[in-house]
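>>> okay, here's the prediction I keep looking at, along with the sequence it came from:
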Amino acid sequence: MKIAFVGKGGSGKTTLSSLFIRHLAAAGAPVVAVDADINQHLGTALGLEDAEAAALPAMGERLPLIKDYLRGSNPRIASADMMIKTTPPGEGSRLLRIREDNPVYEACARSLRLDDGEIRLMVTGPFNESDLGVACYHSKVGAVELFLNHLVDGPEEYVVVDMTAGSDSFASGMFTRFDMTFLVAEPTRKGVSVYRQYKEYARDFGVALRVVGNKVQGPDDVDFLREQVGDDLLVTVGQSDWVRAMEKGRPAPFVSLEPQNRTALGTLLAAADATYGRRDWERYTRQMVHFHLKNAQSWGNARTGTDLAAQVDPAFVLSEAVPQLS
Ligand SMILES: Nc1ncnc2c1ncn2[C@@H]1O[C@H](COP(=O)(O)OP(=O)(O)O)[C@@H](O)[C@H]1O
Ligand SMILES: [Mg+2]
């Protein structure tokens, strides 16, 4: 299951992603956690020291390796250089699983022991000034898009992506890659306006989007969110002393998280799991082709000097049933 946490900066994406990841790990579920937020804090939210977090391998710096592995023997992709972030898999491409060892995890993922389990963590790498213009930001997040577009995940195994909800994530197909998108919103007009924008983009793509109210302080906050987002409001989370203690560098065991917050995490998981029955690999594949053709036209063809539409394998449908190429 592919799950994203999106929202405005400061809304609590990283905090709620990290709690959700801990919740999954506590249940013994296999998890790949991905930090694709502009402010890279998922590692520290999962308990790493600053120096350890800074030493994590950056996916954005390992794109050639990622591309070369995923390309496999796909005859439509002549070289890794010809592969852009939206290049879809086809016959001969290597696919990724959540539960396996592969060169992509070996280069980009670190195992992390949480108090109740072990997960894999991958990070895009820090964004700098020039990344916030269009191209480079995309190339870092592009590593995550390639990962998701080659992943064949099943039920009860999870990729959780902590992700910025900016117009940036809409130019690529990133926002369509998830079984469930949790939009984290504080009960403020700004929080809700990010939701409206996301909803607008998501509408034509069948994106499952639910709002998680965060830093909610009372019934008035809940009423506000309900009034603004209606039934899209899934659950609300209040100020957590457990989170505060962790931020002070005094982490408590995860079992001592406030019961109401634990219940909220259970609600998120149930909502995500419930989407599995509606998963549609054909649509998923069609959408990646759609965004590939769009990116090819707008910049990819010019960049690579080829017609990238030729990379599309018309007969290929990504699915859990596609046999693995060794
Ligand atoms: N439910 C919560 N309880 C306590 N503190 C929270 C909660 N949600 C977020 N915070 C705090 O708010 C700040 C911003 O949260 P963060 O998760 O980093 O936001 P984002 O990733 O969306 O930018 C952090 O200091 C975080 O610890
Ligand atoms: Mg963050």
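Nice, thanks for sending it over. Numbers count the residues shown, from 1 in each chain. Ligands and ions are numbered 1, 2, ... in the order given.
>>> can you name the residue of the chain nearest ligand 2?
When distances are taken as CB to the ion, the chain reaches nearest to ligand 2 at residue 14, 3.2 Å away. In this view, the C-beta of every residue, glycine as well, is placed from N, C-alpha and C.
>>> tell me what the host helix or strand of that residue is packed against?
Under the criterion DSSP states H and E, the helix or strand holding residue 14 is helix 13-26. On a contact count with 3 or more CB pairs under 8 Å, 6 or more residues apart in numbering; DSSP states H and E, helix 13-26 meets strand 2-7, strand 31-36, helix 42-45, strand 109-114, strand 117-123, strand 158-163, strand 180-185, helix 259-273.
>>> which one, of these, ends up nearest to residue 312?
Each of these has some distance to residue 312 by CB to CB; the shortest is strand 2-7, at 21.6 Å.
>>> residues from this protein in reach of ligand 1?
Residues of the chain found near ligand 1 (CB under 6 Å from any ligand atom) are 7, 9-15, 37, 39, 41, 214-215, 237, 239-240, 243-244, 247.
>>> please indicate which of these are buried?
With neighbours counted using 16 or more other CB atoms under 10 Å, the residues of the chain next to ligand 1 contain these buried positions: 7, 11-15, 37, 41, 214-215, 237, 240, 243.
>>> and which of those is nearest to residue 266?
In terms of CB to CB, no member of these lies closer to residue 266 than residue 237, at 12.2 Å.
>>> I figured that closest one hits residue 216, correct?
Yes. Shown here, residue 237 and residue 216 form a contact pair, counting by CB atoms under 8 Å, at 6.5 Å.
>>> for the residue most central in space within the chain, name its beta-bridge partners.
Nearest to the mean C-alpha position of the chain, by CA atoms, centre = their mean, lies residue 161 at 2.6 Å. When bridges are assigned using DSSP bridges, the partners listed for residue 161 are residue 4, residue 34.
>>> relative to residue 193, how far out is it?
In this view, residue 161 and residue 193 are 22 Å apart by CB to CB, to the nearest Å.
>>> helices of the stretch 51-200 of the chain, residue ranges please.
With DSSP state H, counting those that start in this stretch as the definition, the stretch 51-200 of the chain shows helices at residue ranges 63-71, 103-108, 134-149, 168-171, 189-202.
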